[in-house]
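Visitor: from the sequence below, what's the structure:
(2 chains)
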Protein chains: 2
Amino acid sequence: MNTSIFLKTLNEEISQQNYGENPVELYEPIRYIMSLGGKRLRPLMTILSTALFTDDWQKAVKPAIAVEIFHNFTLMHDDIMDKAPLRRGKPTVHEKWNENIAILSGDVMLVQAYELLLFVEDAKFKKALKRFNRTAAEVCEGQQLDMNFEKRESVSEEEYLEMIKLKTSVLVGFAMELGGIIAGADDNSCELLYQFGINIGLGFQLKDDLLDVYGDPDKFGKQVGGDIIANKKTFLLIEALEKASGETRETLNYWLSLETFEASLKVKAVTEIYDQLGIKKITEDKINAYFNIGFESLKSLDIEESRKAALIEFTEMLIDREV
Amino acid sequence: MNTSIFLKTLNEEISQQNYGENPVELYEPIRYIMSLGGKRLRPLMTILSTALFTDDWQKAVKPAIAVEIFHNFTLMHDDIMDKAPLRRGKPTVHEKWNENIAILSGDVMLVQAYELLLFVEDAKFKKALKRFNRTAAEVCEGQQLDMNFEKRESVSEEEYLEMIKLKTSVLVGFAMELGGIIAGADDNSCELLYQFGINIGLGFQLKDDLLDVYGDPDKFGKQVGGDIIANKKTFLLIEALEKASGETRETLNYWLSLETFEASLKVKAVTEIYDQLGIKKITEDKINAYFNIGFESLKSLDIEESRKAALIEFTEMLIDREV
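Guide: Predicted coordinates:
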């Protein structure tokens, strides 16, 4: 299928990027984080989106890399804020160098994202830039909300969904929309692409939450139950706190209140509560609802069905992932 | 003169900016740093530059604010890196809130600078954006060099001048050039405006170094001698280290090596060494040389001399400043 050609082209182009040379402290961290890999989902979606409308998908490659650079810029800065030691199994930039270098290299990455967006044709450029600006601000809003929620006693389902929409889904939405803008799609089509991306993105994020508890330990990359151990306010925990009452609620609050505990016992106990409350099913239903809304948007898109095949195949593969 | 109308318009427009509302932790620091004042030199220079060519200077106002927002973004992030407690006599953002908020609010400010650049007309927009991107990256390079130099044993005059050019002068150059781009000036004129800004900016920065030692304590806002106390590698110290020999060099190195000292004695001693070596004159000559090159660029600009009057008057006022 085309997607593997798109991915190969993307990775070649990314490896050939000239991020800059001097001072080396500023530019080496950019090469480092961009070389850590990742699935390149967002830029792939931009190219797949352009390819819905035209065979000239090549013109989407450099703007797609703008999306990937922006994404990695947010990872570099978020890792400072979250004091994360590792990113994709390797030391984070602020750990490998220092915080100042991670701040400043990230700043330059954001500038470089704008530089690659310049490869959008003149007639479409201001539209792409406005949408990118809005998206970039929303991603920052999502990160701020995420930090705020960590300190809060309770977070509602609605608040949580708004936060993950801003922090992660709007960029998936923009990645899709950008592909449409580059292809010259009309405003209505661009909006449908955006809605496709937003809803698929929300589904992915909730699937992350689900897999952290119900993933297959043999396939899941991280420790299953990590979110439970850390009392992370995921969709599952928020639902459980909204649904639990009586003894179940007391037991849940007991495990949440413990400062020291045997990790495996806590994971087992909280998972049992989720099981009692039917949280797995609730989450799966929510995920499927988002995926369905996303695919409805794609169905409404007025282009030949055959052109949609690659995007559908790619998205279904992502949906079925177990890692 | 026109300049006061420009400044009034700028400050009104800045106070009316809608930076954003939610989450408040993200947007309040932007309103805070933008309200701390400052002389608004850079955006004023953009408007003065546009006004060289056209009476329709209003169209430069919003893009000029992009320059001011970018400048304040760099201050917000630099203050984190420099662990600065105060900015314009008020707590810095990372002190008043925290580092994470200063990182993230700064990121949004950079995005907002791009959003205001969108007010440059379509036909000129990509040129303005490319030049802005180049400038933004260079400012980050300058900040990284500045941090590198702090840890180095010695810095040459050439390296220092390159660093301050990147860290501060290129933005003054861009502010001037942007005004030309907005006015529709040709490439050669834009280059002359850029050279004017670069050289005036270099002169200003060296004047800062000079005033820190030779400023009038009654007029100078900060403590005279602050750079000497901190062993800051300014143009004066770098020149002195290049020129000093024998006993003078030993005395200078002695004062630089002391970990505890009476501040006023160190300031007096180092200033005497500067006096012996004629550092004041060397610095003044260098400053004047930059100002002269700047004014030569302006002279070469092929427009009516009468149109240059406001910019010349404004720049001379800045040159004569004693604070």
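
Visitor: residues contacting A:L117?
Guide: By CB atoms under 8 Å, 6 or more residues apart in numbering or on different chains, the contact set of A:L117 is A:P63, A:A66, A:F125, A:A128, A:L129, A:F132. (C-beta placed from N, C-alpha, C; glycine too.)

Visitor: go on, A:T315?
Guide: So A:T315 contacts A:I200, A:G294, A:F295 (CB under 8 Å, 6+ apart).

Visitor: with A:L193 instead?
Guide: Contacts of A:L193 (CB under 8 Å, 6+ apart): A:S49, A:L52, A:G173, A:M176, A:E177, A:G179, A:G180, A:A185, A:S297, A:L301.

Visitor: could I get the contacts of A:T315 as TSV with distance to chain B, pLDDT and secondary structure?
Guide: Formatted as TSV, the contacts of A:T315 follow (distance: CB to the nearest CB, whole Å; pLDDT from 0 to 100; DSSP: H, G, I helix; E, B strand; the rest coil):
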residue	distance to chain B	pLDDT	secondary structure
A:I200	24	97	helix
A:G294	26	98	helix
A:F295	31	98	helix
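
Visitor: ok, and for stretch A:11-29, which residues are buried?
Guide: A:E13, A:I14, A:Q17, A:Y19, A:G20, A:P23, A:E25, A:L26, A:Y27, A:E28, A:P29 (16 or more other CB atoms under 10 Å in any protein chain shown).

Visitor: any idea how far apart the tips of it sit?
Guide: 18 Å (CA to CA, to the nearest Å).

Visitor: again, but for stretch A:57-66
Guide: With CA to CA applied, stretch A:57-66 spans 15 Å between its terminal residues.

Visitor: so A:F149 touches A:V155, yeah?
Guide: Yes: at 4.8 Å, A:F149 counts as touching A:V155 under the criterion of CB atoms under 8 Å.

Visitor: who has more neighbours, these two?
Guide: Shown here are A:F149 and A:V155; by other CB atoms under 10 Å in any protein chain shown, A:V155 has more neighbours (19 against 16).

Visitor: sorry, back to before: in the contacts of A:L117, find the pair that's most separated.
Guide: The span of the contacts of A:L117, defined through CB to CB, is set by A:A66 and A:F125 at 11.7 Å.

Visitor: element containing the residue nearest to A:C140 when sequence neighbours are not counted?
Guide: Of all residues not flanking A:C140 in the chain, B:V108 sits nearest, at 4.8 Å (CB to CB, 6 or more residues apart in numbering or on different chains). Element membership of B:V108 [criterion: DSSP states H and E] is helix B:99-117.

Visitor: mean confidence score for that helix?
Guide: For helix B:99-117, mean pLDDT is 98.

Visitor: what's the answer for stretch A:202-215, then?
Guide: Across stretch A:202-215, pLDDT averages out at 95.

Visitor: equivalent analysis for stretch A:17-36, please.
Guide: pLDDT averaged over stretch A:17-36 gives 96.

Visitor: what residues of stretch A:27-42 count as buried?
Guide: A:Y27, A:E28, A:P29, A:I30, A:Y32, A:I33, A:M34, A:R40, A:L41, A:R42.

Visitor: ugh, wrong one, stretch A:109-117
Guide: Neighbour counts over stretch A:109-117 (16+ other CB under 10 Å) mark A:M109, A:L110, A:V111, A:Q112, A:A113, A:Y114, A:E115, A:L116, A:L117 as buried.

Visitor: stretch A:264-283 now?
Guide: Across stretch A:264-283, burial judged by 16+ other CB under 10 Å covers A:K266, A:V267, A:A269, A:V270, A:T271, A:I273, A:Y274, A:L277, A:I279, A:I282, A:T283.

Visitor: surely A:L41 and A:G201 touch.
Guide: No: if you go by CB under 8 Å, A:L41 and A:G201 don't touch, sitting 9.5 Å apart.

Visitor: give me the common contacts of the two.
Guide: Common contacts of A:L41 and A:G201 (CB under 8 Å, 6+ apart): A:V172.

Visitor: contacting residues around A:Y32?
Guide: By CB under 8 Å, 6+ apart, the contact list for A:Y32 reads A:V93, A:K96.

Visitor: gap between it and chain B?
Guide: Using CB to the nearest CB, to the nearest Å, A:Y32 is found at 15 Å from chain B.

Visitor: could you do A:D56 as well?
Guide: Applying CB to the nearest CB, the value for A:D56 to chain B is 21 Å.

Visitor: can you count the residues close to A:P91?
Guide: Other residues lying near A:P91 total 14 when counted by other CB under 10 Å.

Visitor: bridged to it, which residues?
Guide: Beta-bridge partners recorded for A:P91 (DSSP bridges): A:L86.

Visitor: pLDDT score assigned to it?
Guide: We have a pLDDT of 97 for A:P91.

Visitor: next one: A:M1
Guide: Per-residue pLDDT puts A:M1 at 57.

Visitor: try the one 4 residues further on
Guide: In the prediction, the pLDDT value recorded for A:I5 is 96.

Visitor: and it, how far is that from B:A60?
Guide: According to CB to CB, to the nearest Å, A:I5 and B:A60 sit 46 Å apart.

Visitor: tell me where the stretch 51-200 of chain A has helices.
Guide: Along the stretch 51-200 of chain A, counting by DSSP state H, counting those that start in this stretch, helices occupy A:61-81, A:93-96, A:99-117, A:122-151, A:157-164, A:170-183, A:187-214.

Visitor: need the residues of the stretch 101-250 of chain A near chain B, please.
Guide: Neighbours of chain B within the stretch 101-250 of chain A, by CB under 8 Å from any CB of the partner chain: A:101, A:103-104, A:106-108, A:110-112, A:114-115, A:118, A:122, A:125-126, A:129-130, A:133, A:136-137, A:140-141, A:143-145, A:147-148.

Visitor: how does chain A divide into domains?
Guide: Segmentation of chain A into domains, based on automatic domain parsing, reads A:1-185, A:186-323.

Visitor: out of those domains, which one sits most buried?
Guide: domain A:1-185 (a mean of 20; mean count of other CB atoms under 10 Å in any protein chain shown).

Visitor: hmm, which two among the buried residues of stretch A:264-283 are most spread apart?
Guide: A:K266 and A:I282 (21.2 Å).

Visitor: low-confidence stretches in the stretch 101-250 of chain A?
Guide: Applying pLDDT under 70 to the stretch 101-250 of chain A picks out residues A:220-221.

Visitor: could you check which residue of the stretch 201-323 of chain A lies nearest chain B?
Guide: At 15.8 Å from chain B, A:K233 is the closest residue in the stretch 201-323 of chain A, using CB to the nearest CB.

Visitor: using the three-state scheme, assign that residue.
Guide: coil (DSSP: H, G, I helix; E, B strand; the rest coil).

Visitor: give me every residue that touches it.
Guide: With contact set as CB under 8 Å, 6+ apart, A:K233 has these partners: A:F149, A:E150, A:V155, A:Y160.

Visitor: let's see it at 6 Å
Guide: Taking CB atoms under 6 Å, 6 or more residues apart in numbering or on different chains, we find A:K233 in contact with A:F149, A:V155.

Visitor: likewise the one 5 residues further on?
Guide: When contacts are counted by CB under 6 Å, 6+ apart, A:I238 is found next to A:V155, A:E157, A:Y160.

Visitor: how about the nearest residue to the residue nearest in space to the middle of chain A, chain neighbours excluded?
Guide: For chain A, A:T168 is the residue whose C-alpha lies nearest the centre (CA atoms, centre = their mean; 4.2 Å). Using CB to CB, 6+ apart and skipping residues adjacent in sequence, the residue nearest A:T168 is A:Q205, 5.2 Å away.
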